[in-house]
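Novice: got a sequence here, can you model it:
(4 chains)
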2 protein chains.
Amino acid sequence: MDTRVALLSCALQLFAARGYDAVGVQEIVDAAGITKPTLYHYFGSKRGLLEAVLTPPFTQFNQQVQAAAVYSGDLPLTLKRVAEAVFTFARENPGFYRLQLALWFAPRDSEGFQVVSSLNRQAHDILEALFAQAVQQHGNMRGRQRAYAATFLGMLNTYAAMALNGYTQLDAALVEQAVHQFQHGIYS
Amino acid sequence: MDTRVALLSCALQLFAARGYDAVGVQEIVDAAGITKPTLYHYFGSKRGLLEAVLTPPFTQFNQQVQAAAVYSGDLPLTLKRVAEAVFTFARENPGFYRLQLALWFAPRDSEGFQVVSSLNRQAHDILEALFAQAVQQHGNMRGRQRAYAATFLGMLNTYAAMALNGYTQLDAALVEQAVHQFQHGIYS
DNA sequence: CGGCTATTATACCGATCGGTATAGTTCCTG
DNA sequence: CAGGAACTATACCGATCGGTATAATAGCCG
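Specialist: The predicted structure is shown next:
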């Protein structure tokens, strides 16, 4: 069982650092100190390994976004909670978040995108549902739930990418700034 | 010379559809109807081919963003022009824009990111300079030029990615909505 | 102990990887 | 026409690709 975990850890690290396609199976098993048949015993294929690497943290991520996105009538507070949840997860799982971002923007026909798309779609749907609920209090948002979900997540991911490259830090101040900017724009 | 153009065209199409690492040199030359030595005569290496594919459209893109980003004291108008320039370019060069987005989010150690990073940085710097100028009229934006440049471009790219996947259209109405949302938030 | 399942290594598969040595062809210039 | 530069094909390089057949080992259950 330890071997399985070691494989997942090495694979995540290598995929995040150099890309799924650019990392060979041999390199992963070397890093884990084992041989190829062991990897194929556990995961069946390289794609299976990628799925096993991504699914658990993605499930956890979506759960935490879901928990943060329960709408109680206070949209600013909810958005802040969501931003906190996303930033916290990105900060605590930088390798996963890097990989997830890279695969989300990967070509549609690539294995990586196919594996990540449904998982990523869930987070989007959670946010879209949140904005759809908020429309009841904020009528003039009507019809833009999808755009808001996409741009809010896009903004959080932009900040997360900046942080992953050392340009900023995903702290409470950035949560505040991001949520404020998203709600009220750039002039105030 | 025609051969060179055919190679660039085939390479862009394949890279955009399936990813730089996932596409082999053999496949590119087959698609172009030539053989490998011809490719290596023109571009020297696979990386050189990628640079030749990306640099001209990227230069053109940055020029058009630069032209749109000249600040005449009217920030809303300038932002609208920039958004129009970005959307128009993405609409007219979907393959390039897809590839550029994918490589921008690719791992730092990957060849693709290294090739695209400096080119992409230029667009960011143009926007950062724009916001730095605008601070003179809009003092309360002070200190956030970098964040605004990143999030404005991030928002435009989010919409561009949505459009590339068929979820929206990069038309004048979307320009209006994006610029309005960026300036005034989601409530109005 | 016997037998069973899970796990792991050795050694190998055909295919493809990026890249090149050699030579032929074409075309422009003197 | 001679000669050189530009271009392109045949055929090949060692390395690596994802994946596997075989078998040895290990631990558990009876």
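
Novice: kindly report the residues of chain A close to DNA strand C.
Specialist: Counting by Cβ under 7 Å from any atom of the strand, chain A comes close to DNA strand C at A:Met1, A:Thr3, A:Arg4, A:Gly33, A:Ile34, A:Thr35, A:Lys36, A:Pro37, A:Thr38, A:His41, A:Tyr42. Quick note: C-beta positions are derived from backbone N, CA and C, even for glycine.

Novice: now the third one, what's its secondary structure?
Specialist: Which is A:Arg4. Classification of A:Arg4 using DSSP: H, G, I helix; E, B strand; the rest coil returns helix.

Novice: list buried residues within the residues of chain A next to DNA strand C.
Specialist: For the residues of chain A next to DNA strand C, a burial check counting by 16 or more other Cβ atoms under 10 Å in any protein chain shown picks out A:Ile34, A:Tyr42.

Novice: ok, the helix or strand harbouring A:Val53 near DNA strand D or not?
Specialist: Element membership for A:Val53, per DSSP states H and E: helix A:46-68. Yes. Under the criterion of Cβ under 7 Å from any atom of the strand, DNA strand D is reached by helix A:46-68 at A:Lys46, A:Arg47.

Novice: which positions within that helix qualify as buried?
Specialist: So helix A:46-68, judged by 16+ other Cβ under 10 Å, has buried residues A:46, A:49-54, A:57-58, A:61-62, A:64-66, A:68.

Novice: who are the neighbours in contact with A:Ala160?
Specialist: Contacts for A:Ala160 were tallied using Cβ atoms under 8 Å, 6 or more residues apart in numbering or on different chains; they are A:Val86, A:Phe87, A:Ala90, A:Tyr97, A:Leu101, A:Leu170.

Novice: after the host helix or strand of A:Ala160 comes which helix or strand?
Specialist: Assessed by DSSP H and E, A:Ala160 sits inside helix A:145-164. As assigned by DSSP H and E, the chain's next helix or strand after helix A:145-164 is helix A:172-184.

Novice: can you state the direction angle for that next one and helix A:145-164?
Specialist: 150 degrees (axes from the mean of the first three to the mean of the last three Cα atoms, to 10 degrees).

Novice: quick check: mean pLDDT of helix A:172-184?
Specialist: Helix A:172-184 comes out with an average pLDDT of 97.

Novice: contacting residues around that helix?
Specialist: So helix A:172-184 is contacted by A:75-76, A:79-80, A:83-84, A:87, A:151-152, A:155-156, A:159, A:163, A:168, A:188, B:144, B:147, B:151, B:184-187 (Cβ under 8 Å, 6+ apart).

Novice: cool, and stretch A:110-124?
Specialist: Contact with stretch A:110-124 is made by A:20-21, A:47, A:50-51, A:54-55, A:58-59, A:61-62, A:65, A:100, A:102-104, A:106-107, A:149-150, A:153, B:18-19, B:22, as judged by Cβ under 8 Å, 6+ apart.

Novice: got the residues of chain A near DNA strand D?
Specialist: Within chain A, the residues that sit near DNA strand D (Cβ under 7 Å from any atom of the strand) are A:23-27, A:35-37, A:40, A:44-47.

Novice: residue of chain A nearest DNA strand D, please.
Specialist: Going by Cβ to the nearest atom of the strand, DNA strand D is nearest to A:Gly24 of chain A, at 2.1 Å.

Novice: so what's that residue up against?
Specialist: Listed by Cβ under 8 Å, 6+ apart, the contact set of A:Gly24 is empty.

Novice: please tell me how far it sits from DNA strand C.
Specialist: Using Cβ to the nearest atom of the strand, to the nearest Å, we find A:Gly24 at a distance of 10 Å from DNA strand C.

Novice: likewise A:Arg98?
Specialist: In terms of Cβ to the nearest atom of the strand, A:Arg98 sits 23 Å off from DNA strand C.

Novice: for that residue, give me its contacts.
Specialist: A:Arg98 is in contact with A:Ala16, A:Leu164, B:Pro107, counting by Cβ under 8 Å, 6+ apart.

Novice: let's see that with 6 Å instead.
Specialist: A:Ala16, A:Leu164 (Cβ atoms under 6 Å, 6 or more residues apart in numbering or on different chains).

Novice: which helix or strand contains it?
Specialist: Per DSSP H and E: A:Arg98 is located in helix A:94-104.

Novice: over to A:Ala22?
Specialist: For A:Ala22, there is no host helix or strand (DSSP H and E).

Novice: ok, it touching B:Ala22?
Specialist: No. The pair A:Ala22 / B:Ala22 is not scored as a contact, 9.5 Å apart, by Cβ atoms under 6 Å.

Novice: would you turn the contacts of A:Ala160 into TSV with neighbour count and distance to A:Leu119?
Specialist: What follows is those, written out as TSV (neighbours: other Cβ atoms under 10 Å in any protein chain shown; distance: Cβ to Cβ, whole Å):
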residue	neighbour count	distance to A:Leu119
A:Val86	26	14
A:Phe87	22	19
A:Ala90	23	15
A:Tyr97	24	13
A:Leu101	22	13
A:Leu170	25	21
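
Novice: nearest to chain B among these?
Specialist: Using Cβ to the nearest Cβ, A:Leu101 comes nearest to chain B of the contacts of A:Ala160, at 5.2 Å.
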